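[1] Model the following, please.
(one chain, ligands or ions: 1)
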Amino acid sequence: MAWDVVIVGGGVAGLSAGAILAKDGFKTLVLEEKLRVGGRGNSFEYKKGYIVDFGIHALRLADKGAAARVFERIGEKLEIVEPEIQKLYYKDSWTDLPLSVNKLSTTPIFTQKDREELGPALTQMLTLKPEEYYDVPVEKWAEENVKSDNLKWFLKDILTKLLLVAADMTVTSTGELFDLVQIFVKTGKGAGYAVGGWKTILDRLTETIEANGEVRVGIKAEKIIVKNNEVKGVLTREETIEANKVIAAFPVQNLFNLVEEKNFPRDFVEKSKNILPSLGISIDYGFHKKVSEFHSFMCSDPWMTATFTSNIDPSVAPPGEQLLTVFSVQPPSIIKNLEAAKKELQRIQNTIYKMFPEAKGNVKWVRPMILDIVDGAALTTTQSRDKRADAATTIKGLYLAGDTCNGEGAGGDIAFNSARRCAEYIIKSS
Ligand SMILES: Cc1cc2nc3c(=O)[nH]c(=O)nc-3n(C[C@H](O)[C@H](O)[C@H](O)COP(=O)(O)OP(=O)(O)OC[C@H]3O[C@@H](n4cnc5c(N)ncnc54)[C@H](O)[C@@H]3O)c2cc1C
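    Below you'll find the model as predicted:
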C-alpha cells in the first residue's frame, strides 16, 4: 500500500489532521505507539459504566471552539453540552463563579472599590493588542494596572490560572491571556464538554480516517527518514513505510529522537527541545450516589477546578452514580518533588471532603494522578504562540501538529488548531 501521508502519533492532533486529510482523499496512515489512541486526550470505559477522560477535558468556546471546527471541516457536528451551575468555593462557602459580565458586576467577592477598578482592567484586556503583550508577564501587568489585592487575586488566581492552565504568574504571558479573554467575549461562549467524553471525538476521527486509511496502534515510529532535506518515509521495528509527506504529531520536544538535530536550523532545535509543559494533579472519583448538583466548581486554595461530568452529561456514569474530575495546575517545584506533590494531593482530597460532606463515605473508586505534562507548552512569555513552531518545517514534506505548535488557545485547542493548519498546508501543497 502506498500512503499519501503518514502521521506519527494518534493523539487528537494526529487524528484530527488524519481525518481532514482522509476526508479530502489522501490515503492516510496513523501510527500510534500505545495500544489505544488519544495520547493525553485518551478516554475510555475506565470502570464499568464510567467513560473517563484523562483528567478534565473541557472544550474551550464549546461549539465555537477548536474541536468543533475540526468536526465542521470533516462535515460533521460534534455534540457539546455546556455547564450551567458553576460555583466558586470562597471563604469556606459557595458563590457563583463570576465569569460573565453580569456575574462580575454582582458577585459578593468584590467590594465597590474592586468593581470600580475592574471596569478599566477589563477594558484593557478587551481592547489592547495581544501581540504587543506576549512578552509581558501577567504578574507585571497586574501590578502596574490594578491596585486592589482582591482584584489582583481574581485576575491571576482565578481568571488566568483557569483559562491558561498556568501556575506561575511571573512567567505567564499577558498577550495569551488577552487573546483568550477577547475570543471568549467575542463568541460569548465558555467551556463545553463533548457528549460521551473525548472518547466520542477519538472514535469519530478514527472512523473518518479508516474510511480512507488506517490507524495502527501498538506501532512505534523509530525514525522519520530524511534524505537531501526531503522526507522519504517512516521506519518502524517491522518495516520501512515510504511516504513523501509525514506529520510528527507529538510534543516537539521529542522530535529529535526521530529526526537528527543536524537536519534543522540551530535556533529551531534549541527552542523546540527546551519547551516547558504545564504540570498538575488530577483526581477522578466515581461516587456510589450523587453528592452534588453542581456542574463545575473552582477553589483557589488549594487551587483546583473540577467538573461533576455526569451532572452535565449523564451518559458518562452509571445511572444514579456520579463522576467527578478535579484538576490542579502546579509548578514544577511541587510536581518534581514526590513528597510535596503527594501532600498537595492530600490537601485537595481533604478539601473536597470538606466541601461535599457526603463525598467521603460514597467513594466507589478514585484515580489520582501526578502529571509532569498536561499542556505540551505552558503559555509563558518565552513560548507564547508567536514563538512556537509552525506546522511546516524546513524539511520538505515534514509537518508538525500538536499542542507545542503555534496555534490559538491552550492545550487541546492548540492541538486541534495546529492539526487543521497542518492538513491545509498539505492539501495546498499537493
Ligand atoms: C490532566 C489533563 C487535563 C487536560 N485538560 C484539558 C482541557 O480541559 N482542555 C484541553 O483543551 N486540553 C486539556 N489537556 C491537554 C490535552 O490533553 C492536550 O493538549 C492534547 O491531548 C494534546 O494532543 P496531541 O495530539 O498534541 O499530543 P499527545 O496527546 O501527546 O499525542 C501524541 C501521541 O503520539 C504518540 N507517539 C509519540 N511518539 C510516537 C512514536 N515515535 N511512534 C508512534 N506514536 C508516538 C503518543 O503515544 C501519543 O498518543 C489536558 C491534559 C491533561 C494531561
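[2] And the pLDDT at residue 101?
    pLDDT recorded at residue 101 is 82.
[3] Going forward, count from 77.
    Understood, numbering begins at 77; the last thing we discussed is residue 177.
[4] Helices along the stretch 327-476 of the chain, start to end?
    For the stretch 327-476 of the chain, applying DSSP state H, counting those that start in this stretch gives helices covering 342-349, 385-388, 408-411, 414-431.
[5] do the stretch 77-226 of the chain as well
    With helices called from DSSP H, counting those that start in this stretch, the stretch 77-226 of the chain shows them at 88-99, 142-149, 177-182, 188-203, 214-221, 225-229.
[6] Output those helices in a markdown table, with mean neighbour count and distance to the ligand appended to each entry.
    Where C-beta positions appear, they are placed from N, C-alpha and C, glycine not excepted. Listed next are these as a markdown table, based on neighbours: other Cβ atoms under 10 Å; distance: least, Cβ to the nearest ligand atom, whole Å:
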| stretch | mean neighbour count | distance to the ligand |
| --- | --- | --- |
| helix 88-99 | 30 | 3 |
| helix 142-149 | 22 | 8 |
| helix 177-182 | 12 | 21 |
| helix 188-203 | 14 | 21 |
| helix 214-221 | 18 | 20 |
| helix 225-229 | 16 | 23 |
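[7] ranking the helices of the stretch 327-476 of the chain by burial, who's on top?
    The highest average neighbour count among the helices of the stretch 327-476 of the chain, using mean count of other Cβ atoms under 10 Å, belongs to helix 385-388 at a mean of 24.
[8] count of residues packed around residue 504?
    Residue 504 has 7 neighbours, counted by other Cβ atoms under 10 Å.
[9] Please identify the helix or strand for it.
    helix 488-505 (DSSP states H and E).
[10] Kindly report the same for residue 255.
    Per DSSP H and E: residue 255 is located in helix 250-263.
[11] okay if I get the helices of the stretch 327-476 of the chain as TSV plus distance to residue 494 and mean pLDDT?
    Listed next are these as TSV, based on distance: least, Cβ to Cβ, whole Å; pLDDT from 0 to 100:
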stretch	distance to residue 494	mean pLDDT
helix 342-349	14	96
helix 385-388	26	98
helix 408-411	24	98
helix 414-431	30	98
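[12] Out of these, which is closest to residue 135?
    Comparison of the helices of the stretch 327-476 of the chain against residue 135 by Cβ to Cβ identifies helix 385-388 as nearest, at 11.7 Å.
[13] What about contact with the ligand: does that closest one have any residue there?
    No - Helix 385-388 stays clear of the ligand (Cβ under 6 Å from any ligand atom), getting no nearer than 11.1 Å.
[14] Could you name the helices and strands sitting against that helix?
    strand 398-406 (3 or more Cβ pairs under 8 Å, 6 or more residues apart in numbering; DSSP states H and E).
[15] Parallel or antiparallel, which strands does the strand it packs on pair with?
    The strands beside strand 398-406 in its sheet (DSSP bridges) come out as strand 355-363 (antiparallel), strand 379-383 (antiparallel).
[16] before we move on, back to that, what angle do the helix holding residue 504 and helix 88-99 make?
    When axes from the mean of the first three to the mean of the last three Cα atoms, to 10 degrees is applied, the directions of helix 488-505 and helix 88-99 differ by 30 degrees.
[17] Keeping just the C-alphas, turn helix 488-505 into PDB.
    In PDB, the C-alpha atoms belonging to helix 488-505 read as follows (Å, rounded to 0.1, in the frame of the first residue of the first chain):
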ATOM      1  CA  GLY A 488      -6.200  20.800  23.200                       C
ATOM      2  CA  ASP A 489      -7.200  23.900  21.300                       C
ATOM      3  CA  ILE A 490      -3.700  24.200  20.000                       C
ATOM      4  CA  ALA A 491      -3.600  20.500  19.100                       C
ATOM      5  CA  PHE A 492      -6.800  20.800  17.100                       C
ATOM      6  CA  ASN A 493      -6.000  24.100  15.500                       C
ATOM      7  CA  SER A 494      -2.500  23.100  14.600                       C
ATOM      8  CA  ALA A 495      -3.800  19.900  13.100                       C
ATOM      9  CA  ARG A 496      -6.200  21.900  10.900                       C
ATOM     10  CA  ARG A 497      -3.400  24.200   9.800                       C
ATOM     11  CA  CYS A 498      -1.100  21.300   9.100                       C
ATOM     12  CA  ALA A 499      -3.700  19.500   7.000                       C
ATOM     13  CA  GLU A 500      -4.500  22.700   5.000                       C
ATOM     14  CA  TYR A 501      -0.700  23.100   4.200                       C
ATOM     15  CA  ILE A 502      -0.500  19.600   2.900                       C
ATOM     16  CA  ILE A 503      -3.700  20.000   0.800                       C
ATOM     17  CA  LYS A 504      -2.500  23.300  -0.700                       C
ATOM     18  CA  SER A 505       1.000  21.900  -1.500                       C
END
